[in-house]
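Engineer: structure of the sequence below:
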Amino acid sequence: PLHHDTFDGTVSFYGSPYQLTKSMILHKQIALRTLPRIYSFSPNVRMEPAERASLGRYLAEFVQLDLEVRDASRDEIIAVGEEVVVHVLTRVAERCPVELERLGRELSIPEAPFERVPFQEAQGRFGIGFDDALSASLSAPAWVIDFPRSVREFYDREDPDRTDILLDMDLIYPEGYGEALSGGEREHTLPRILRRLEQDEIDKERFSQYLSFVEEGLPASAGFGIGIERLTRFVCGLENVEQARLFAKAPGKVGAI
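Structural biologist: The predicted model follows:
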């Protein structure tokens with residue numbers, strides 16, 4: 001369930017329709033019925049339009065570190081994201097100086113907390129589709145927060161104090177490397193989820209199995225998914241995310257293997 005366009009990932013499997021996993025978000029919510037938190041390296045398949053290949057950061061197959069924490073707030077999950085990024089960059093700088101020198105990459109370790117930029121401010125400064133321009137302007141990672149409901153998914157939690165503003169966030173890498181991760185707090189009650197599906201004109205039958213779990217009860221939660229190949233690209237200073245994955249499958253390109 002994604003807001004941006006991808007080709008349908010449904011295949012026939014044993015005579016029944018089978019959805020390839022684009023995101024673990026709904027799975028994580030269901031798993032938190034019995035577990036306090038989820039950490040998973042999740043393989044994803046997103047068949048993006050061919051024109052996205054030129055952007056250098058899209059893959060058809062990729063892996064995310066997906067995590068979700070029961071009863072967490074956006075502020076708490078932002079702190080986790082900052083800790084993950086700072087830890088990875090620090091350890092790589094400490095342990096891999098020879099490799100970084102070979103790549104011509106000088107890592108700058110950011111300090112938490114990272115800057116937070118409201119969506120409306122970013123769009124006012126850089127226009128619609130501001131990710132690339134914002135990323136190019138940054139010298140350290142920064143959060144984009146408070147997305148309007150119209151540009152995100154039905155499971156992103158609406159701020160109870162601000163109509164049509166969501167308690168979600170994206171982390172943007174500096175130096176033009178673009179989006180690092182996406183996440184936020186989740187809707188978890190049946191009336192609110194049904195209302196969001198109706199607002200977004202989504203047929204609820206598509207999510208009938210998920211809705212049956214919602215009806216039984218889902219806990220409040222927050223989480224995010226950070227792309228491993230995009231993180232590798234940023235750490236290593238690579239021109240294209242395809243260089244961060246063995247036998248990469250990219251939009252618009254057909255490989256022999």
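
Engineer: tally of neighbours for the residue nearest to residue 72 when sequence neighbours are not counted?
Structural biologist: Spatial nearest neighbour of residue 72, chain neighbours left out: residue 222 (4.1 Å); criterion: C-beta to C-beta, 6 or more residues apart in numbering. (C-beta placed from N, C-alpha, C; glycine too.) Counted by other C-beta atoms under 10 Å, the residues lying close to residue 222 total 25.

Engineer: low-confidence ranges, the stretch 151-257 of the chain, go.
Structural biologist: Applying pLDDT under 70 to the stretch 151-257 of the chain picks out residues 255-257.

Engineer: got phi/psi on residue 34?
Structural biologist: Main-chain dihedrals, residue 34, degrees, to the nearest 10: phi -120, psi -10.

Engineer: all helices for the stretch 51-200 of the chain, in order.
Structural biologist: 74-95, 97-103, 119-126, 131-137, 190-199 (DSSP state H, counting those that start in this stretch).

Engineer: now do the fourth one, average pLDDT.
Structural biologist: It stands for helix 131-137. Averaging pLDDT along helix 131-137 gives 97.

Engineer: make a markdown table from the helices of the stretch 51-200 of the chain and add mean neighbour count and distance to residue 243 to it.
Structural biologist: As requested, the helices of the stretch 51-200 of the chain are arranged in a markdown table below (neighbours: other C-beta atoms under 10 Å; distance: least, C-beta to C-beta, whole Å):
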| stretch | mean neighbour count | distance to residue 243 |
| --- | --- | --- |
| helix 74-95 | 16 | 16 |
| helix 97-103 | 12 | 10 |
| helix 119-126 | 16 | 27 |
| helix 131-137 | 17 | 18 |
| helix 190-199 | 15 | 38 |
